[in-house]
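# Okay, sequence plus prediction incoming.
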Amino acid sequence: MSEEEFAGTMPVAPAQRFDEDLLGGYLESRIRGLRPPLTVRQFRGGQSNPTFLLRAADGTPYVLRKQPAGVLLPSAHAVDREFRIISALHQAGFPVARPVCLCEDRSVIGTLFYVMGYAEGRNFWDPTLPQLTAPERGAIYAEMNRVLAQLHRIDFAAIGLADYGRPGNYFVRQIGRWTKQYRASETEPIEAMERLIEWLPANIPPGDETTIVHGDYRLDNMIFHPREPKVIAVVDWELSTLGHPLADFSYHVMAWRIPAGANRGLAGLDLGALGIPDEPQYLRRYCELTGRAGVEPRTWEFCMAYNVFRIACIRQGILKRVVEGTAASQHAREAGARARETAEFAWALVRRNLGG
C-alpha cells in the first residue's frame, strides 16, 4: 500500500459516525474559546481506536480519539489510560500532544473519548524515507532511538505512574494477556499460534526490568518537526504500560526483520546506502543511550519472537472486528487477514533462532 492510502484524513466512516452538534456543545462548555460548529474528518491511519481531526468554527484544530463502536474485548481500547499517560508525560516534558479533556460520559458520542492538541508536522509511513537524503534519514533514525531511550529513562513513579502497570513478570503477564485476547477473537485454528502459545511462556529469559513502555513505538506513530529531525509528539498510547524496555525496543526494531515492500520493512535493503543504521548498530546505540552494557543474543531473539506473536494477536483482533462490522479502518480487512502469516513468521523465528 502507498503512504497516501494511510496518511491524511477522510470523511467519517459510517460505522464511526456520531452527533457532531452534540459533541460541539459538550466541548464548548469545557474548552475555553472553542466555538462550534465543528468540522470533523477521520484520520485514515490506525486500526484500533478511531481518531478524528476536529476544527472549531475559527479553524483551530484538535484531535479526538475514541473507542470503536460495538462490543469491546476486555481491557482493550482504554482511551482513559491513554489520556492519563499523555497527561503525565506532557508534564514531564516528553514529546506528546497536549492533553485537553477526557469524556467518560457515553451519552455524548456513544463511547469514551479524549481530545488533545493537534501536533502539526511531518508523519512518515515508509521506513526507507524516500523523500529524504541519506544524512536526513540517519538523523531521523537517531532521533527515534533517542526518544525511546528517553522514555525508558523516565522515573515513572516520580510522574505519578507507579500504578500504571504491575512491575515484574512482564513477559508472563503479557503472553497470558495476549493469549486471552487471541482466544476471544479467534475465527479459525492457526497451528503456529498454538505452538507459540505453548512455547513462549516456557522459554522466558531470566532477569526483569520495569520502565514505561509505549507498546507500539514505530515510525508512523511519531510526528516530526516540519523541518528538523526532531520528534514533537509520540502518538497512539493505547498499548502503553509498565513493562520490560527490551520488549518495547525490540518491537520498534522489528522493521529490520520484515522484508521491504508491502509490509514496510527494511530487510534486504542496502541500509548503508540509504543512510539507515543496521540492526546491530541501532541496538548498540540504544544501549549507549540507556547505559546498558549490551543484550544477550537469546534474550534479544526471544523479544523479537514475542513481539511478532503479539502482532499476530492484534491482527486477529482486527479480523474479528471486520467480521463483526466494527473495524475502524478501511484497511482493516487486509491487516486482519495477515494474522496467520504473522503467526507463522513468529514461529519460524523461534525455530530458526531459538531451537523451538
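Sure, I can see it.
# Measure how buried Gly168 is and give me the count.
Look at Gly168: counted by other C-beta atoms under 10 Å, it has 13 neighbours. Where you see a C-beta, it was placed from the backbone N, CA and C, and this is true even at glycine.
# secondary structure element for it?
Counting by DSSP states H and E, no helix or strand carries Gly168.
# Regarding the spatially closest residue to it that is not a sequence neighbour, what is its secondary structure?
Take Gly168 and drop its neighbours on the chain: the residue closest to it by C-beta to C-beta, 6 or more residues apart in numbering is Asp208, 5.5 Å away. Classification of Asp208 using DSSP: H, G, I helix; E, B strand; the rest coil returns coil.
# Quick check, pLDDT for Asp208.
pLDDT, the model's per-residue confidence, is 88 for Asp208.
# Give me the pLDDT for the spatially most central residue of the chain.
Residue closest to the mean C-alpha point of the chain, counted by C-alpha atoms, centre = their mean, is Asp216 at 2.7 Å. We note a pLDDT of 93 for Asp216 in this prediction.
# likewise Gln67?
What the model reports as pLDDT for Gln67 is 87.
# Look up how far Tyr118 lies from it.
With distances taken as C-beta to C-beta, to the nearest Å, Gln67 is found 20 Å from Tyr118.
# same thing with Ser240?
Counting by C-beta to C-beta - Ser240 and Tyr118 are separated by 21 Å.
# These two: which has the busier surroundings?
Ser240 (26 against 17).
# just for the stretch 151-300 of the chain, where's the confidence low?
262 (pLDDT under 70).
# All the strands of the stretch 201-350 of the chain, in order from the start?
Remark: strands assigned in the stretch 201-350 of the chain by DSSP state E, counting those that start in this stretch are 211-213, 222-224, 231-234, 241-243.
# out of those, deepest packed?
strand 211-213 (a mean of 24; mean count of other C-beta atoms under 10 Å).
# Pairing partners for that strand, with directions?
strand 241-243 (antiparallel) (DSSP bridges).
# So which of the strands of the stretch 201-350 of the chain is nearest Pro201?
Across the strands of the stretch 201-350 of the chain, the minimum distance to Pro201, taken as C-beta to C-beta, is reached by strand 241-243, at 15.7 Å.
# Would you mind confirming that Val147 makes contact with Pro95?
Yes. Using C-beta atoms under 8 Å, Val147 is in contact with Pro95, at 6.6 Å.
# Next, show the common contact partners of the two.
Between them, Val147 and Pro95 share these contacting residues under C-beta atoms under 8 Å, 6 or more residues apart in numbering: Val231, Val234.
# Give me the domain ranges for the protein.
3-117, 134-353 (automatic domain parsing).
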